[in-house]
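A.B. asks: quick one, structure for this:
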Amino acid sequence: MIGALGTGWNLLPAKQESKRIIGQTAWVEVAESGLGFLGRVDTGAASTSVHAESIRVDGEIVDFVMANRNGNRVRMRAPLIRTSMVRNAVGQEERVYVELTIRHQGVEKQVQASLNDRSSLNYALLLGRNWLQDDFVVDVTRNAVPPSQPWPETDDSRGVASR
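C.D. replies: All right, here's what the predicted structure looks like:
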């Protein structure tokens, strides 16, 4: 006799079969900035987070500098979506959220992403469930494959990227 868990244990919903597989890290591009990041995939994080410096909220607009681990930087402006108190290893901090478009494996998704100082962390970008949902299944045995085309060099000389 097969128990309740034994029936259909190996069956996946049809929708799941069409999902792409992503590893524990992934090369992604933030479209608005043109910057490439080796991002950490984190199914425990509800939302995506990206390293930003000089974050300044002016009414409904957020001015910030997005920076990747290659030392490339872009000054950006984006509408403020929301603020939220977030618990982390240090305690609590207020986070600013903007909408960003993140590309990977031909998938381009707009998500609310928090801006925060990730300079002391291993990854400048964290891909949370809000970006993963509906399109990806995580296989932690897979390593990130570098992009076939390098992203263009980007720095503050490009000016301000706006949405």
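
A.B. asks: tell me if residue 69 really is in a helix.
C.D. replies: No. Counting by DSSP: H, G, I helix; E, B strand; the rest coil, residue 69 is not part of a helix but coil.

A.B. asks: surely it and residue 35 touch.
C.D. replies: No. If you go by C-beta atoms under 8 Å, residue 69 and residue 35 don't touch, sitting 10.0 Å apart. Where you see a C-beta, it was placed from the backbone N, CA and C, and this is true even at glycine.

A.B. asks: the two: which has the busier surroundings?
C.D. replies: Shown here are residue 69 and residue 35; by other C-beta atoms under 10 Å, residue 35 has more neighbours (28 against 16).

A.B. asks: for the more buried one, which non-adjacent residue is closest in space?
C.D. replies: Leaving aside its sequence neighbours, residue 35 sits nearest to residue 68 (C-beta to C-beta, 6 or more residues apart in numbering; 4.8 Å).

A.B. asks: how about residue 95?
C.D. replies: residue 114 is the one closest to residue 95 (C-beta to C-beta, 6+ apart), at 4.1 Å.

A.B. asks: and the most centrally placed residue in the chain, how close does it get to residue 65?
C.D. replies: By C-alpha atoms, centre = their mean, the chain has its centre lying nearest to residue 127, at 3.6 Å. Look at residue 127 and residue 65: by C-beta to C-beta, to the nearest Å, they are 21 Å apart.

A.B. asks: next, count neighbours for residue 54.
C.D. replies: Residue 54 has 10 nearby residues by other C-beta under 10 Å.

A.B. asks: kindly export the helix or strand that it is a member of (C-alpha atoms) in PDB.
C.D. replies: Here residue 54 sits within strand 48-58, counting by DSSP states H and E. Provided in PDB are the C-alpha atoms of strand 48-58 (Å, rounded to 0.1, in the frame of the first residue of the first chain):
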ATOM      1  CA  THR A  48      15.700  41.400  -4.300                       C
ATOM      2  CA  SER A  49      18.400  43.600  -2.900                       C
ATOM      3  CA  VAL A  50      21.200  45.500  -4.700                       C
ATOM      4  CA  HIS A  51      24.200  47.400  -3.500                       C
ATOM      5  CA  ALA A  52      23.800  51.200  -3.600                       C
ATOM      6  CA  GLU A  53      25.800  54.100  -2.300                       C
ATOM      7  CA  SER A  54      24.900  57.700  -1.600                       C
ATOM      8  CA  ILE A  55      21.200  56.900  -1.300                       C
ATOM      9  CA  ARG A  56      19.100  60.100  -1.000                       C
ATOM     10  CA  VAL A  57      15.400  60.300  -1.000                       C
ATOM     11  CA  ASP A  58      14.000  63.600  -2.300                       C
END
